[in-house]
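> Fold the stuff below for me.
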Amino acid sequence: MNRTPPSAEPGAAHSGVPRGPSRDLYAAGTAVLLVTAAVLVGRHIQGAGRTLFADWPPLLASWGPHLGPGTPAAVLVAIAAVAYGPALAARLPWRALVPLTWGTAMAWTYSLALVDGWHRGIAVRLTTPHEYLQAVDRFDDIPATLRDFTQHILLGSPDHWPAHIAGHPPAAALTFVLLDRIGLGGGGWAGVWCITVGATACAAVLVTIRALADEALARAAAPFLVLAPAAVWMGTSADAYFAAVAAWAVALLALAVTGRSPWWAGVSGLLFGLTCYLSYGLTLVALIAAAVMVLGRHGIRGRPALLVPLLAGLAVVPTAFTLAGFNWWEAYHLLVTRYHQGVGGIRPYGYWVWANLACTVLVTGLATAAGLRQTGAVLVRRRRDAPGRAAEARLALLVSAALLALLVADLSGMSKAETERVWLPFTLWLLPACAFLTLPRGPGSSPKFSTLPEQGGPPRTGGTPVRAWLTAQALLALLLNHLLLTRW
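Here you go, the predicted structure:
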């Protein structure tokens, strides 16, 4: 796999795609208008009939400006990441960059969560009446609980499950049951688990981009993955943990189809199977996996030996739960009924089908909106056979697959509100589009993010546009976390 940055290759500066900053700003401005419309229309609908069940639509949050013990740390992490992130991402050895990305993402997420304090920000988030920890004591006999799991999904059933347990396959609740069994019980440990594991998703995305596209694009995406506004909901939400499992399933599949050990395919399959038993909606990660198989250097058709470990790994978790007595399909159909028994049956589809996209803007930031514009430009206008263009086209296809999965989830009608956390496994894969913001903007222009240290010469990184976009990402996260009291 070619690891040379596209910007360093001959002709890389002569892009057929208009990259003018004004077009990026137009995309960001359009995203702002979408969010503004969602807020204004949402407040009107909620005020008139209170059918949105969201106090600050399109987010499940309420207005409440506040500071907290995490505020100084969050500001310091943001300043450091903006000032030094692009240069470090370009200069550090790859083996150092991946764990540093994980560590910095953890610091960013923990500091944002602690703006609300340890108790409200982390320790009690997963102990509320709708959350997983409310029913840990009902899993004393795990096999018996799994056999009876579907009997408690509907609201009219005896001892019906809390909303989040009913809304997910049992692997989600079992995670916290097992943590409790090994002595890590309670909301504090559950929150630490979700934040710490969830932050590894950034590393998984980097590994995937490097395998399928090239290292330069992965390095360019790293600061944006770290400073994502999504961190507001990565701490503390179980969906952050789900996102990490799904991301590593994709990353290991990418390693398998690009010529690494075929056993990575087996581990990837195992994680994909687990993903489907953490959340029903994450079956849509299959669209991202399909893109990985298409983009792989060899692909599944080119390396049929990958199919055996992949399918074997994929079968493990479903087989185990089925033998234990849990019927995934029956549970899913009951969930659809439960969803419409509750607020899901009242929330208006006509609002949320587009307001969910406004939520996505708030989760991924204005830089991602601009990056998605350039993603479309890469796919539509750029000659893929031109030098340095293949890696960009591969990254654009990967991002597009994630966007497609998100849109399918949106149109399904099973994602009315709360997508700021529910869609984390998909929105995470939109963030790499920000790497396109670092590329040359026209003939003869100097790349804003280029030149790895092994090529000689100082890295030319951290140009004003890159730092400006990173600043916008950080400010959005800080404003959301300090002005609103989010439910996650």
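> tell me the phi and psi of the residue sitting nearest the centre point of the chain?
For the chain, the residue nearest the mean C-alpha position is residue 428 (2.4 Å; Cα atoms, centre = their mean). Dihedral pair for residue 428: phi -60, psi -40, per degrees, to the nearest 10.
> Surely it is in contact with residue 243?
Yes. With contact defined as Cβ atoms under 8 Å, residue 428 reaches residue 243; the gap is 5.4 Å. Bear in mind the C-beta positions are built from the backbone N, C-alpha and C, glycine included.
> mind listing what the residue nearest to the centre of the chain touches?
Residue 428 makes contacts with 201-202, 205, 225, 228, 230, 243, 247, 402, as judged by Cβ atoms under 8 Å, 6 or more residues apart in numbering.
> which pair in these spans the largest distance?
Based on Cβ to Cβ, the longest span within those runs between 202 and 402 and measures 14.5 Å.
> More neighbours: these two, which one.
Between residue 202 and residue 402, counting by other Cβ atoms under 10 Å, residue 202 is the more crowded of the two (32 against 26).
> Thought residue 105 was touching that one, still the case?
Yes. With contact defined as Cβ under 8 Å, residue 202 counts as touching residue 105 (4.5 Å).
> what touches both of those two?
With Cβ under 8 Å, 6+ apart as the test, residue 202 and residue 105 both reach 225-226.
> how about the helix or strand hosting residue 397: buried residues?
Applying DSSP states H and E as the criterion places residue 397 in helix 389-411. By 16 or more other Cβ atoms under 10 Å, the buried positions in helix 389-411 come out as 389-406, 409-410.
> so after that helix, what's the next helix or strand?
Under the assignment DSSP H and E, the closest C-terminal helix or strand after helix 389-411 is helix 419-422.
> Could you name the helices and strands sitting against that following helix?
Applying 3 or more Cβ pairs under 8 Å, 6 or more residues apart in numbering; DSSP states H and E, one finds that helix 419-422 makes contact with helix 231-234, helix 238-257, helix 349-364, helix 389-411.
> how about low-confidence regions in the stretch 1-150 of the chain?
Low-confidence segments of the stretch 1-150 of the chain (pLDDT under 70): 1-21.
> Show me where it has its helices.
Under the criterion DSSP state H, counting those that start in this stretch, the stretch 1-150 of the chain contains helices at 21-49, 71-91, 94-113, 117-118, 142-147.
> and residue 309, which of the ones you listed is closest to it?
With Cβ to Cβ as the criterion, residue 309 lies closest to helix 94-113 of these, at 23.9 Å.
> Would you mark the buried spots in the closest one?
For helix 94-113, a neighbour-count test (16+ other Cβ under 10 Å) marks 97-98, 100-102, 104-113 as buried.
> cool, stretch 115-134 as well?
For stretch 115-134, a neighbour-count test (16+ other Cβ under 10 Å) marks 115-116, 121-128, 131-134 as buried.
> burial measure for residue 339, as a count.
Neighbour tally, residue 339, other Cβ under 10 Å: 17.
> before we move on, back to that, can I get the helices and strands packed on helix 419-422 in TSV with distance to residue 439?
What follows is the helices and strands packed on helix 419-422, written out as TSV (distance: least, Cβ to Cβ, whole Å):
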stretch	distance to residue 439
helix 231-234	25
helix 238-257	22
helix 349-364	19
helix 389-411	7
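> I'd like those helices as TSV, with mean pLDDT appended.
Shown next, in TSV, are these (pLDDT from 0 to 100):
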stretch	mean pLDDT
helix 231-234	97
helix 238-257	97
helix 349-364	98
helix 389-411	96
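> Let's see the distance spanning stretch 409-423 from one end to the other.
Length of stretch 409-423, first residue to last, Cα to Cα, to the nearest Å: 9 Å.
> Next up, the contacts around the spatially closest residue to residue 24 that is not a sequence neighbour.
In this structure, residue 24 finds its nearest non-sequential neighbour in residue 370, 3.8 Å apart by Cβ to Cβ, 6 or more residues apart in numbering. By Cβ under 8 Å, 6+ apart, the contact list for residue 370 reads 24-25, 27-28, 434, 437, 469.
> distance of residue 370 from residue 478?
Taking Cβ to Cβ, to the nearest Å as the measure, residue 370 falls 20 Å from residue 478.
> before we move on, what about residue 231?
For residue 231, the distance to residue 478 - Cβ to Cβ - is 10 Å.
> When these two are compared, which one has more neighbours?
The residue with more neighbours, out of residue 231 and residue 478, is residue 231; 32 against 19, by other Cβ under 10 Å.
> joint contacts of residue 428 and residue 243?
Residues touching both residue 428 and residue 243 (Cβ under 8 Å, 6+ apart) are residue 201.
> Give the burial count for residue 87, as a bare number.
For residue 87, the count of nearby residues is 16 (other Cβ under 10 Å).
> And residue 40, by the same measure?
11.
> cool, residue 468 as well?
For residue 468, using other Cβ under 10 Å, the count is 14.
> Quick check: it is in a strand.
No. Secondary structure of residue 468 (DSSP: H, G, I helix; E, B strand; the rest coil): helix, not part of a strand.
> pLDDT score for residue 258?
pLDDT for residue 258: 89.
> Was I right to think it contacts residue 293?
No. Using Cβ under 8 Å, residue 258 makes no contact with residue 293, being 10.7 Å away.
> Mind checking which of the contacts of residue 370 are buried?
24, 27-28, 434, 437, 469.
> Kindly reformat those as CSV containing distance to residue 376.
Shown next, in CSV, are these (distance: Cβ to Cβ, whole Å):
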residue, distance to residue 376
24, 12
27, 9
28, 14
434, 14
437, 14
469, 17
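> Of the helices and strands packed on helix 419-422, which is nearest residue 138?
Checking those against residue 138 by Cβ to Cβ gives helix 238-257 as the closest, at 17.2 Å.
> helix or strand right after the closest one?
Toward the C-terminus from helix 238-257 - assigned by DSSP H and E - lies helix 263-276.
> now what about that following helix, what contacts it?
With Cβ under 8 Å, 6+ apart as the criterion, helix 263-276 contacts 169, 171, 242, 245-246, 248-253, 255-257, 282-283, 285-286, 289, 306-307, 309-318, 328, 425.
> Can you turn the buried part of these into a ChimeraX selection?
Per 16+ other Cβ under 10 Å, the buried members of the contacts of helix 263-276 correspond to this ChimeraX selection:
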select :169,171,242,245,246,248,249,250,251,252,253,255,256,257,282,285,289,306,309,310,313,314,317,318,328,425
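> Now do the shared contacts for residue 231 and residue 478.
residue 112.
> What is the host helix or strand of residue 308 packed up against?
Element membership of residue 308, judged by DSSP H and E, is helix 307-323. Here helix 307-323 touches helix 170-181, helix 263-276, helix 328-341, going by 3+ Cβ pairs under 8 Å, 6+ apart.
> ok, residue 229 to residue 128 distance?
23 Å.
> An error on my part: the question was meant for residue 470.
Here the criterion is Cβ to Cβ. By it, residue 470 lies 33 Å from residue 128.
> related to what we said a few turns ago, which of the contacts of residue 428 ranks first by neighbour count?
residue 243 (36 neighbours).
> Contact partners for it?
Contacts for residue 243 (Cβ under 8 Å, 6+ apart) come out as 198, 201, 234, 424-425, 428.
> biggest separation within those, which pair?
Taking Cβ to Cβ as the measure, these span a maximum distance of 11.1 Å, between 234 and 425.
> on that earlier part again, so for residue 485, which of the helices and strands packed on helix 419-422 sits nearest?
Minimum separation from residue 485 across the helices and strands packed on helix 419-422 (Cβ to Cβ) falls at helix 231-234, 11.4 Å.
> For the nearest residue to residue 219 once chain neighbours are set aside, list the residues it contacts.
Excluding the flanking residues, the one nearest residue 219 by Cβ to Cβ, 6+ apart is residue 89, at 4.7 Å. By Cβ under 8 Å, 6+ apart, residue 89 lies in contact with 97, 219-220, 222-223, 461.
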